[in-house]
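Novice: Structure here, sequence nowhere to be found:
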């Protein structure tokens, strides 16, 4: 296998206001030939930066900064704000996606293969790939074209990774893992560790409690025997995995993640879990083994999903929701245990009224007691 020379990264380039507006599908006015090489908050923006003032509440900051051009809300008077040019957007967060992409230089991973990388001769590295320092790539690995792999990444035997992947520092890709195109993997993430799966020779205390919902016949000693993970992990296209997130391999079949799904830092996907397409799993979400998550599911931070249940398409769960039973498609959930959001809100309203209710009941008891004494 031939290695291309190790080269320095490409410098950051600037963009004209006209080019930026065209890429965003937005309208621009003023001196659209002004070039900028970055974006900043209005108060700290310099002459070569594009100020982000997409809401009237940020307008005052423009006078404190030195930006010549800004992204503004529709209807803003850019001349009165002291600007030479402006881009107008209707949906600020969507505009941010395009702007951040334009100005993000990406990680500093030089083209070619770094001399310190250890690559098995049987591995196949796609054209125009960039492999950083101290990367280890195992036997029969396949890396797609234009992949970028940062320092200290390890990719175990038989793994297959698609085109345009970006795998950042210290990530670990396990054996036989299959990943689609345009995968983004942040530092420290692990794909393909063994599942957390153990069994006892006799019926365990956990099994007894599940059957009886709380009763245990005896408290006998027990020891755990490991169930090895023979399956792997299969990930679709355009998936993003946050820092220190983990996806465990399946026991026999593969753990799977559908195309377009995005996972935040510290998300944990247990063995045999199936996650659908275009899901959004926020920080510290945990999904226990063999559960199925439908398409377009949103789980906010610290949500938990119990094992062996199904969460339907388009479910949205608020922060810290704990889902212990199947959730039908389209349901909006909140709380622990998870309830329909409106039911949860009403229940907490009632809980907040309990103190007043107890006081009223005490007053009524006193009145009834006095009436009884008079009778």
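Specialist: Sure, I can see it. Nothing here was measured: the structure is a model prediction, and the numbers come from that model.
Novice: For residue 242, see how far away residue 191 is.
Specialist: 12 Å (C-beta to C-beta, to the nearest Å). (Each C-beta comes from the backbone N, C-alpha and C, glycine too.)
Novice: of these two, who's got more company?
Specialist: Using other C-beta atoms under 10 Å as the criterion, residue 191 and residue 242 rank with residue 191 on top: 30 against 20.
Novice: So that one: helix, strand or coil?
Specialist: Classification of residue 191 by DSSP: H, G, I helix; E, B strand; the rest coil places it in strand.
Novice: In which helix or strand does residue 372 reside?
Specialist: helix 354-374 (DSSP states H and E).
Novice: Could you spell out which stretches of this structure belong to which domain?
Specialist: When the chain is parsed with automatic domain parsing, its domains come out as 15-103, 344-374.
Novice: Redo the ones you listed as a markdown table? Include mean pLDDT, distance to residue 162 and mean neighbour count.
Specialist: Shown next, in a markdown table, are these (pLDDT from 0 to 100; distance: least, C-beta to C-beta, whole Å; neighbours: other C-beta atoms under 10 Å):
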| stretch | mean pLDDT | distance to residue 162 | mean neighbour count |
| --- | --- | --- | --- |
| domain 15-103 | 95 | 20 | 18 |
| domain 344-374 | 89 | 41 | 10 |
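Novice: Distance to residue 304 for those domains - can I get that in a markdown table?
Specialist: Output for these, formatted as a markdown table (distance: least, C-beta to C-beta, whole Å):
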| stretch | distance to residue 304 |
| --- | --- |
| domain 15-103 | 28 |
| domain 344-374 | 15 |
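Novice: Check what pLDDT the nearest residue to residue 117 once chain neighbours are set aside gets.
Specialist: Leaving aside its chain neighbours, residue 117 sits nearest to residue 135 (4.4 Å; criterion: C-beta to C-beta, 6 or more residues apart in numbering). For residue 135, the model assigns a pLDDT of 98.
Novice: Can you report how many residues neighbour residue 135?
Specialist: Number of residues near residue 135 (other C-beta under 10 Å) recorded here: 22.
Novice: these two touch, right, it and residue 154?
Specialist: Yes: Residue 135 lies in contact with residue 154 (C-beta atoms under 8 Å); the separation is 7.4 Å.
Novice: what's the distance between the closest residue to residue 283 other than its chain neighbours and residue 149?
Specialist: Nearest non-adjacent residue to residue 283, counting by C-beta to C-beta, 6+ apart: residue 264, 4.3 Å away. The gap separating residue 264 from residue 149 is 22 Å, by C-beta to C-beta.
Novice: Same question for residue 98.
Specialist: Taken as C-beta to C-beta, the span from residue 98 to residue 149 is 26 Å.
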